[in-house]
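Peer 1: Let me see the structure of the following:
(one chain, ligands or ions: 1)
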Amino acid sequence: MERSNLKISIGHLYPKQLNLYGDMGNIITLKKRCEWRGIDVDYHEINLDDNILESDLYFIGGGQDKEQIEVSKAMYSQKDFLTAQRDKGAVFLGICGGYQLLGHYYQPFEGERLFGVSLLDAYTVAGKKRFIGNVTAESDFLAPNTLVGFENHSGLTYLQNDTKPLAFVTVGNGNNGKDKTEGARYKNVFGTYLHGSLLPKNPHLADYLISLALDKRYNDKIQLKKLDDKIEYSAHNSVIGKAY
Ligand code: GLN
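Peer 2: Next up is the predicted model:
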């Protein structure tokens with residue numbers, strides 16, 4: 001059902017450290033797709049020394065191992081708060097390096113293990129090969145079911161128990177180049193290796209996340225007004241099936 005005076009809060013986790021390959025485009029997409037529907041967005045950055053505030057949706061981007069070390073320490077100290085947010089239905093979207101830190105740990109090729117916040121039952125170990133290129137993947141909960149993006153990571157992520165894949169790759173490597181899984185989902189926590197940035201070319205996923213954030217805030221299934229996504233899907237379709 002449509003309602004007026006709607007609002008969602010978005011907490012952007014560590015944008016100064018984790019914002020690779022245009023990941024900020026995901027925030028811009030979420031903001032614009034809310035604005036175009038008259039939904040207010042309360043956007044706030046969370047930096048290394050900040051206490052993380054309650055939000056309807058959290059975003060964390062990708063980054064190099066060095067930046068992940070700083071973020072791992074800052075975020076791990078607030079693991080219990082983030083777990084409580086997840087269990088209250090908050091939406092999380094983590095991209096690549098940020099995704100890795102939503103799991104139990106990221107073990108770089110050299111150096112210490114970086115501890116994650118275990119919102120996803122997954123772990124990551126650095127591999128010898130860097131996966132670079134376009135990705136096409138198919139989900140079982142989105143319409144259309146395809147997701148497209150760009151991957152650049154050496155981390156190999158393995159999912160466990162109730163943490164399920166976001167999608168299955170038809171082009172590219174995804175989580176580990178072996179089991180055909182791409183990304184992860186548990187409750188309203190979503191992780192993916194898809195940079196690009198992801199959401200401008202996958203408006204159906206952007207709207208899915210906005211709907212979940214509204215459901216969480218208003219405890220109600222709120223119908224989103226349809227938008228004219230001709231340009232977005234022209235970009236989406238131009239990548240489908242292409243490796244480079
Ligand atoms: N440093 C991590 C890796 O190489 C994440 C890279 C990224 O965020 N693109 O797997």
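
Peer 1: Kindly report the residues of the chain close to the ligand.
Peer 2: Applying CB under 6 Å from any ligand atom, one finds that the chain approaches the ligand through 20, 62, 63, 64, 65, 68, 96, 97, 152, 153, 154, 155. No exception for glycine: its C-beta is placed from N, CA and C like everyone else's.

Peer 1: Please name the nearest non-neighbouring residue to the second one.
Peer 2: Right, residue 62. Using CB to CB, 6 or more residues apart in numbering and skipping residues adjacent in sequence, the residue nearest residue 62 is residue 96, 3.3 Å away.

Peer 1: what's around that neighbour, how many residues?
Peer 2: Residues near residue 96, counting by other CB atoms under 10 Å, number 31.

Peer 1: and if you look at residue 54?
Peer 2: Residue 54: 11 surrounding residues under other CB under 10 Å.

Peer 1: got a pLDDT number for it?
Peer 2: For residue 54, the pLDDT comes out at 98.

Peer 1: Can you pull the phi and psi angles for it?
Peer 2: Here is the backbone geometry of residue 54 (degrees, to the nearest 10): phi -60, psi 130.

Peer 1: My read is that it contacts residue 85, right?
Peer 2: Yes - if you go by CB atoms under 8 Å, residue 54 and residue 85 touch, sitting 6.7 Å apart.

Peer 1: sorry, back to before: specify which member of the residues of the chain next to the ligand is nearest to residue 145.
Peer 2: residue 96 (21.9 Å; CB to CB).

Peer 1: for the closest one, what are its contacts?
Peer 2: With contact taken as CB atoms under 8 Å, 6 or more residues apart in numbering, residue 96 is in contact with 20, 61, 62, 63, 151, 152, 153, 155, 192, 193, 195.

Peer 1: again, only this time at 6 Å
Peer 2: Counting by CB atoms under 6 Å, 6 or more residues apart in numbering, residue 96 touches 62, 153, 193.

Peer 1: any residues touching the longest helix along the chain, and which ones?
Peer 2: Secondary structure of the chain read by DSSP state H shows that its longest helix is helix 203-218. With contacts defined as CB under 6 Å, 6+ apart, helix 203-218 is touched by 8, 29, 33, 56-57, 89, 91, 142, 188, 199, 222, 224, 229, 232.

Peer 1: what do you get if the cut-off is 7 Å, keeping everything else the same?
Peer 2: Under the contact criterion CB atoms under 7 Å, 6 or more residues apart in numbering, helix 203-218 has outside partners 6, 8, 29-30, 33-34, 56-57, 89-91, 93, 142-144, 147, 188, 199, 221-222, 224, 229, 232.

Peer 1: List the ones among these that fall in helices.
Peer 2: Among the contacts of helix 203-218, the ones falling in helices (DSSP H) are 29, 30, 33, 34, 232.

Peer 1: ok, and the most crowded of those?
Peer 2: Neighbour tally across these (other CB under 10 Å): the maximum, 26 neighbours, falls on residue 30.

Peer 1: pretty sure that residue is touching residue 9, no?
Peer 2: No - in this structure, residue 30 is not within contact of residue 9 by CB atoms under 7 Å, at 11.2 Å.

Peer 1: packing partners for the helix or strand where residue 68 lies?
Peer 2: Applying DSSP states H and E as the criterion places residue 68 in helix 65-76. Where contact means 3 or more CB pairs under 7 Å, 6 or more residues apart in numbering; DSSP states H and E, helix 65-76 is packed against strand 114-115.
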